[in-house]
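In: sequence and predicted structure are below.
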Amino acid sequence: MDHIKQSLPYWNVSGGSDHLIVHPMDFIDGYYTEESRSAMNASTYLVTVGDLRPSPYGKYFRFYQDIVIPSSTHLLNSYYINPMDYVDSSGRPLSKPRGAASRNRRFQANPIRSEIFVPTPEETGFRATMRRILRSILRRSRIDTPDPIGRTTLAIFRGGVGNAGEGDRYSLSIRSLFFPSTSGNTSQPPFSRHAHSGFSSLPDFDIAEWSENDEYAQRLARSKFGLAPPGYTLDTTRIYEYLAFGVVPVFIGTGSKAGQVLPFETEVDWSSFTVSIPRERAHEVPTILGGIGEEEYERLRRNVWDVGRNVVFEGRKGNVWKLIARQLCRKKRLGLEAGSEIANN
């Protein structure tokens, strides 16, 4: 920051107020010293965590100045899984992933990567051309394959349970309900105070700490709801995996009522495609999800596919950058109208 302020002409023109700084970490700028934070304080932060709870949880989030953006995920942004290789254009799972979803394909020296939400281009050559022609003929005769199938899993979750002694500091202890506890010993995973079989024992719940990426993608495509409890913060990256695959996110102990600030809340109606369950009702998750009728689920699913996916990636339409620009304009307007105590927060 000293280099930027002293060696370049741009910062001092506005005191940094027209600069954007990306803080993609859990605790925003909470990793830095007070001195380093003060050097950046005039700037707008692009953050992946928005938390309105009182200190120490939301200590570093500045509501009138920071903009919450979607987080990247290992599955989508590092491993280059393309949801459109697992679901059709309306978000329904395919009975068999498209050929581009082959593991060998992605591990090639120069793997083919397409725009997200666009099926990965297939290989070229005579044989590939003949296969496409054959599929076109089959499609016209309504024998197209792979066919979309229904989502057979009620709820999915992949993630850990934290460490011993963390208590409510990690996930508000919600994840201790997911995995079986044989002894009720809080020093042993899942650190539950009571012995119970856990949600993972239910036949229509797909819960595990880890899955291989391709397998996880297939399981996401066949799941109706995705459980989204907090980790160390209210936000978790799995939310964006759910949106990408057309899975309805289920906030447990999180969401706007808990103080979570989701990306572009003024532009995107998150309540139209998510389910929120308060912390005190976390043990009722199976009953609540089982009670959501098919008509209500289908409404949520359509909204996830039509609206929610636009929050996840930039895409060809420039959705995310447009939303960031609109947020910047709104915050500038709020600052000018409210006075210096807001403009310089």
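Out: The structure has been received and is ready for your questions. Numbering: from 1, shown residues only.
In: three-state assignment of Val285?
Out: Following DSSP: H, G, I helix; E, B strand; the rest coil, the label given to Val285 is helix.
In: check the one 4 residues further on too.
Out: Under the three-state scheme (three-state DSSP), the conformation of Leu289 reads as helix.
In: same check, this time on Tyr242
Out: For Tyr242, the assignment made with three-state DSSP gives helix.
In: so who does the spatially most central residue of the chain touch?
Out: Compute the mean C-alpha point of the chain, and by CA atoms, centre = their mean the closest residue is Tyr240, 2.2 Å away. By CB atoms under 8 Å, 6 or more residues apart in numbering, the contact set of Tyr240 is 70-73, 76, 311-312. For the C-beta atoms, the positions are set from N, CA and C on the backbone; glycine is no exception.
In: quick one: pLDDT of it?
Out: Per-residue pLDDT puts Tyr240 at 93.
In: which non-adjacent residue is nearest it?
Out: Val312 (4.9 Å; CB to CB, 6 or more residues apart in numbering).
In: what do you get for Leu154?
Out: Asp204 (3.9 Å).
In: tell me if I'm right that the one you found and Ala155 touch.
Out: Yes: judged on CB atoms under 8 Å, Asp204 makes contact with Ala155 at a distance of 7.3 Å.
In: those two: which is more packed in?
Out: Set side by side, Asp204 and Ala155 show more neighbours around Ala155, with 23 against 13, by other CB atoms under 10 Å.
In: go ahead and confirm Tyr79 touches Asn213.
Out: Yes: at 4.8 Å, Tyr79 counts as touching Asn213 under the criterion of CB under 8 Å.
In: can you give me the helices in the stretch 1-150 of the chain?
Out: Using DSSP state H, counting those that start in this stretch, the helices of the stretch 1-150 of the chain run over 2-7, 11-14, 34-40, 103-106, 126-140.
In: so where's the stretch 1-150 of the chain uncertain?
Out: Where the stretch 1-150 of the chain drops to pLDDT under 70, the residues are 99-148.
In: hmm, 80 instead?
Out: Within the stretch 1-150 of the chain, the segments meeting pLDDT under 80 span 27, 56, 99-149.
In: ok, which stretches of it are strands?
Out: 20-23, 44-47, 67-68 (DSSP state E, counting those that start in this stretch).
In: can you give the contact residues for the second one?
Out: Right, strand 44-47. Contacts for strand 44-47 (CB under 8 Å, 6+ apart): 17, 19-24, 28-29, 61-62, 65-69, 324, 328, 331.
In: swap in 6 Å and give it another go.
Out: The contact list for strand 44-47, computed with CB atoms under 6 Å, 6 or more residues apart in numbering, reads 20-23, 28, 65-69.
In: now do Gly91: how many residues are near it, please.
Out: 22.
In: that one and Trp305 touch, don't they?
Out: Yes: counting by CB atoms under 6 Å, Gly91 does reach Trp305; the two are 3.7 Å apart.
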